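K.L.:
Pasting the sequence and the predicted coordinates here, then a few questions.
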Amino acid sequence: MRAISQRPTSSGPRDEKLRDPLRQTKKRTTVKYLAVDYGQKRTGLAVSDAGGSMAFPLRVVAMHGRERFVAELPEIARAEGAQSLVVGLPRHGDGEHSETTRQVLNMVRALCAQTDLPIYLVEEYLSSWDAESRLREAGRSGKKALARLDAAAAAAILESFLSLSTSQRESLRFAEKDADGGHESTSSPVEG
């Protein structure tokens with residue numbers, strides 16, 4: 001009977017690294033995001049992939065009051081597996097706050113009391129117009145397109161956020177508690 005020679009399994013740590021290229025790369029933390037395009041009548045929602053690199057329209061929620069929406073949003077985030085929320089912050093073309101800006105900020109302050117999820121504010125300008133344009137280009141128009149418009153706008157907001165570097169994203173985090181127990185942004189949101 002002949003003995004079969006065995007190759008050494010490893011001649012040291014260097015050989016182990018060569019065999020397993022994944023060990024050489026730094027593990028990247030991934031986060032799944034839920035984006036919100038808040039409105040008084042309808043609110044669009046979008047979600048990222050598990051890797052936090054692509055945005056997809058999720059659905060449109062018919063609004064029945066801010067309090068109800070704020071109570072339901074953390075449940076939607078949990079159901080979708082989202083670990084962070086991204087909220088579009090509308091501005092006028094000149095950068096000034098609008099009535100809708102104030103409504104969004106009030107909603108975010110109320111949301112902070114309902115969830116510990118990180119919330120990011122992304123300045124948005126013409127996201128609904130952009131979404132409508134994209135839907136038209138995809139051959140969708142009429143009532144069906146209108147029904148998806150707010151979710152498509154939320155996806156546009158999320159795409160804008162996902163295109164930022166990690167440090168840019170963190171600068172948009174709505175995380176510091178103010179004296180009233182609410183939250184205020186750590187810096188000014190960037191335009192999406």
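P.N.:
Happy to help now that I have it.

K.L.:
Return the backbone torsion pair for Glu123.
P.N.:
phi -60, psi 130 (degrees, to the nearest 10).

K.L.:
my guess is it meets Leu89, correct?
P.N.:
Yes: Glu123 sits in contact with Leu89 when judged by CB atoms under 8 Å, with a separation of 5.1 Å. Using the backbone N, CA and C atoms, a C-beta is placed for each residue, glycine as well.

K.L.:
What helices and strands are in contact with the helix ranked longest in the chain?
P.N.:
If you go by DSSP state H, the chain has its longest helix at helix 142-162. Where contact means 3 or more CB pairs under 8 Å, 6 or more residues apart in numbering; DSSP states H and E, helix 142-162 is packed against strand 33-37, strand 42-48, strand 55-62, strand 84-90, strand 119-124, helix 127-137.

K.L.:
Now do that helix against strand 42-48, angle only.
P.N.:
Note on geometry: by axes from the mean of the first three to the mean of the last three CA atoms, to 10 degrees, helix 142-162 and strand 42-48 are set 50 degrees apart in direction.

K.L.:
Averaged pLDDT, helix 142-162. What do you get?
P.N.:
The average pLDDT for helix 142-162 rounds to 80.

K.L.:
what's downstream of that helix, the next helix or strand?
P.N.:
Sequence order places helix 166-170 as the next helix or strand after helix 142-162, per DSSP states H and E.

K.L.:
Next, the buried residues of that next one.
P.N.:
For helix 166-170, a neighbour-count test (16 or more other CB atoms under 10 Å) marks Arg169 as buried.

K.L.:
that older thread, give me the more crowded residue out of Glu123 and Leu89.
P.N.:
Neighbours were counted for Glu123 and for Leu89 using other CB atoms under 10 Å; Leu89 has more, 25 against 19.

K.L.:
And for that one, nearest residue in space, chain neighbours not counted?
P.N.:
In space, and not counting its chain neighbours, Leu89 is closest to Leu121: 4.6 Å by CB to CB, 6 or more residues apart in numbering.

K.L.:
Could you dump the helices and strands packed on helix 142-162 into a markdown table and include distance to Ser171 and mean pLDDT?
P.N.:
Converted to a markdown table, these look like this (distance: least, CB to CB, whole Å; pLDDT from 0 to 100):
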| stretch | distance to Ser171 | mean pLDDT |
| --- | --- | --- |
| strand 33-37 | 16 | 97 |
| strand 42-48 | 19 | 95 |
| strand 55-62 | 20 | 94 |
| strand 84-90 | 13 | 94 |
| strand 119-124 | 9 | 92 |
| helix 127-137 | 20 | 56 |
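
K.L.:
any chance of the ones you listed in CSV, with distance to Cys112 too?
P.N.:
As requested, the helices and strands packed on helix 142-162 are arranged in CSV below (distance: least, CB to CB, whole Å):
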stretch, distance to Cys112
strand 33-37, 13
strand 42-48, 17
strand 55-62, 19
strand 84-90, 10
strand 119-124, 7
helix 127-137, 23
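
K.L.:
show me what contacts Ser66?
P.N.:
Rather than Ser, residue 66 is Arg. Contacts for Arg66 were tallied using CB atoms under 8 Å, 6 or more residues apart in numbering; they are 103, 106-107, 110.
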